[in-house]
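Undergrad: I would like to see how this sequence folds:
(chains A, B and C)
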Amino acid sequence: MSVGLVWFRQDFRLADNPALTAAIDQCDEILPVYIHDSREGTIGQIGQATQVWLHHSLQALHESLTARGSSLHVLAGDPEKILPQLAKALEVRGVFWNRCYDPVTLKRDKSVKKALDGFGAQSFLANLLFEPVKTLKANGDPYRVFTPYWKNLMHLLPGNLPLPAPRKIPTVVLKKTAASKIKSLQDIPLSKLELLPELPWADSMMTPWAVGEAAAKKKLARFLKTEAKHYNDARDIPSIQGTSRLSPHLHFGEISPLQIIAATFGKRRSVMSLNVGEETFVKEVVWREFAHNLIYQFPHTIDKPLDARFEKFPWAKKYQPQLTAWQRGQTGIPIIDAGMRELYATGWMHNRVRMVVASFLIKNLLIPWQEGERWFRDTLVDADVASNAMGWQWAAGSGADAAPFFRVFNPVLQGEKFDKEGDYVRCWVPELSSVPNKFLHKPWELSPIERQGLDYPAPLVDLKISRKAALEAFEAIKTSQK
DNA sequence: TAGCTCGTTGGACAA
DNA sequence: TTTGTCCAACGAGCT
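TA: Numbering: from 1, shown residues only, chains lettered A, B, ... in the order given. Now for the predicted structure:
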């Protein structure tokens, strides 16, 4: 009997999982494993919100494996040591996994592959549509601008059909094998990973979410049936369900980008045949590809600006109180506070508001974008190295295809434009619920009498003055060498 | 090769 | 109230 080891990492699904399918094709018996590596500097060292999601996602994967006669083996430690030990003890024919492209994982996987020499390690493209190493401009350089990237790749869509989920997964019983005698290879209960903090926050944060492959599939189907048509406009209104909210599922691979594309296209074979909403939605999936491509081609941009001029940007020197006020949703600017509170309460924030709070942190408070990136990474359930770094660098103006420096979002105008009736602000900043719409996004303009009894802080900064200061700060670096 | 246009998400200001 | 123009400057991609 030949044995195949399937190493799950950020691909917690059975359908459209090329590593799993290949293992079943090539081997008689499978051992599905997840290895948790929480050492400092490893990819396992993730934010609190994503840890909570990870716990539930592993649980869901285990359940769907069990339903097919298998189970997930959870181990903790260094994959570079554990995988060769397991491979040796089980005398495997192959070790199968789906590739990730962030620099930390890439480096680790390279070592793992080397350590598995002779055990038939195979990796697959599964979490992206396009292989970053092959996605280059005609002259061989990496893309830095989204539009040409999109124009050149849209013709390849919808691409292949996603793989079906295997009906049965013939599984090795660890207890009967040599591996069961080695302590470090013994299965541990999921709770031992200690991913769930002992805080009521972890429960309440997860209330709006259903985790796992089945939930992701259901959510996609619903979105395509109802919201996708209006996505182009509705996605900008934070008070309504206009976006797909698939980002955390995509991050953990509970659904693949290929599955999303295939379902959106249906029987249609070209982008031109999609309606405007669907096309914009597909474009967003390709934006995710673009972010992963950028991080693959320019790995240093995880925490350093792509545009080197920004290394010398005159950021504020002391900013802890302002940073804390921003994190807690106590800046005195309603739309900012609504967004930051939504983030803390649910692990998610509407994309329109993400741009506004990022612009405010960077351009009105002059706080380095890396601080915001770190906070998002710790609090978002969809926190993804590539998308997060690209988004923040876009807001800062230091990234690829970034917003020009003079583009400073005015949170009052953004609020009045995208939260006209104030539903979003009233939902997350209830202390303002009685303020009339005219002043809801600028309560500091209420008369002192009207302000009486209003338990809401004064704005942290004057928007006009701080905007001017930001433009002057950008002036200081714009002539220096790129 | 040179010249041209264009660039996810905006705001201020003048007319 | 609405609309047009400007706010930099550079690389990508096309002709």
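
Undergrad: State the number of residues packed around whichever residue of chain A sits closest to DNA strand C.
TA: When distances are taken as Cβ to the nearest atom of the strand, chain A reaches nearest to DNA strand C at A:Pro148, 2.6 Å away. Just so you know, the C-beta spots here come from the backbone N, C-alpha and C atoms, and that holds for glycine as well. Per other Cβ atoms under 10 Å, the neighbour tally for A:Pro148 reads 13.

Undergrad: what helices or strands is the helix or strand hosting it leaning on?
TA: Per DSSP states H and E, A:Pro148 falls inside helix A:146-153. On a contact count with 3 or more Cβ pairs under 8 Å, 6 or more residues apart in numbering; DSSP states H and E, helix A:146-153 meets helix A:276-297.

Undergrad: Let me know whether the helix it packs on sits next to DNA strand B.
TA: Yes: residues of helix A:276-297 are located near DNA strand B by Cβ under 7 Å from any atom of the strand, namely A:Lys283, A:Glu284, A:Trp287.

Undergrad: which residues touch the nearest residue to the first one once chain neighbours are set aside?
TA: What it means is A:Lys283. Take A:Lys283 and drop its neighbours on the chain: the residue closest to it by Cβ to Cβ, 6 or more residues apart in numbering is A:Trp150, 6.5 Å away. Contacts for A:Trp150 were tallied using Cβ atoms under 8 Å, 6 or more residues apart in numbering; they are A:Lys283, A:Val286, A:Phe290.

Undergrad: For the second one, give me its contacts.
TA: Going by Cβ under 8 Å, 6+ apart, A:Val286 touches A:Leu129, A:Tyr149, A:Trp150, A:Leu153, A:Met154.

Undergrad: For chain A, what lies in contact range of DNA strand B?
TA: A:145-147, A:236, A:283-284, A:287, A:351-352, A:355, A:391, A:394, A:401, A:403, A:406-410, A:413-414, A:417, A:463-464, A:467.

Undergrad: Need the contact partners of the one helix or strand A:Lys107 maps to.
TA: In the assignment (DSSP H and E), A:Lys107 maps to helix A:103-115. Helix A:103-115 is contacted from outside by A:9, A:41-43, A:79-81, A:83-84, A:97, A:99-100, A:121, A:123, A:295-296, A:299, A:302, A:385, using Cβ under 8 Å, 6+ apart.

Undergrad: Just to be sure, A:Asp382 is in a strand?
TA: No: secondary structure of A:Asp382 (DSSP: H, G, I helix; E, B strand; the rest coil): coil, not part of a strand.

Undergrad: Could you pull out the buried residues of stretch A:66-83?
TA: For stretch A:66-83, the neighbour count (16 or more other Cβ atoms under 10 Å) marks A:70-80, A:82-83 as buried.

Undergrad: I'd like to know which of the residues you listed is nearest to A:Gln241.
TA: A:Gln241 lies nearest to A:Leu72 out of the buried residues of stretch A:66-83, by Cβ to Cβ, at 31.8 Å.

Undergrad: So the closest one is in contact with A:Phe8, correct?
TA: Yes: under the criterion of Cβ atoms under 8 Å, A:Leu72 makes contact with A:Phe8 at 7.1 Å.

Undergrad: Quickly list what's touching both of the two.
TA: Common neighbours of A:Leu72 and A:Phe8 (Cβ under 8 Å, 6+ apart) are A:Pro32, A:Val33, A:Tyr34, A:Leu61.

Undergrad: now, which of those residues sits nearest DNA strand B?
TA: A:Leu61 (29.0 Å).

Undergrad: At which residues are the helices of the stretch 51-200 of chain A located?
TA: A:79-90, A:103-115, A:146-153, A:200-206 (DSSP state H, counting those that start in this stretch).

Undergrad: A:Gly329: neighbour count?
TA: 21.

Undergrad: That one against A:Ile335, yeah?
TA: No: the pair A:Gly329 / A:Ile335 is not scored as a contact, 10.5 Å apart, by Cβ under 8 Å.

Undergrad: Tell me which other helices or strands the strand or helix carrying A:Ala262 touches.
TA: Taking DSSP H and E as the definition, A:Ala262 sits inside helix A:257-265. Under the contact definition 3+ Cβ pairs under 8 Å, 6+ apart, helix A:257-265 sits against helix A:213-225, helix A:276-297.

Undergrad: Mean confidence (pLDDT) on the longest one, please.
TA: Right, the one you point to is helix A:276-297. Taken as a whole, helix A:276-297 has a mean pLDDT of 92.

Undergrad: moving C-terminal of it, what's the next helix or strand?
TA: Past helix A:276-297, the next helix or strand by DSSP H and E is helix A:320-328.

Undergrad: got the buried residues for that following helix?
TA: Neighbour-count burial for helix A:320-328 flags A:Gln322, A:Leu323, A:Ala325, A:Trp326, A:Gln327 (criterion: 16+ other Cβ under 10 Å).

Undergrad: Now do the very next helix or strand once past that helix and helix A:320-328, the angle between them.
TA: Counting by DSSP H and E, the next helix or strand C-terminal to helix A:320-328 is helix A:334-346. On the basis of axes from the mean of the first three to the mean of the last three Cα atoms, to 10 degrees, helix A:334-346 is oriented at 70 degrees to helix A:320-328.

Undergrad: by contact count, what packs against the next helix or strand after helix A:334-346?
TA: As assigned by DSSP H and E, the chain's next helix or strand after helix A:334-346 is helix A:351-359. Where contact means 3+ Cβ pairs under 8 Å, 6+ apart, helix A:351-359 is packed against helix A:334-346, helix A:369-379, helix A:385-396, helix A:411-418.

Undergrad: re the thing from before, so who does the closest residue to the residue of chain A closest to DNA strand C other than its chain neighbours touch?
TA: Leaving aside its chain neighbours, A:Pro148 sits nearest to A:Lys137 (7.3 Å; criterion: Cβ to Cβ, 6+ apart). With contacts defined as Cβ under 8 Å, 6+ apart, the neighbours of A:Lys137 are A:Tyr143, A:Pro148, A:Asn152.
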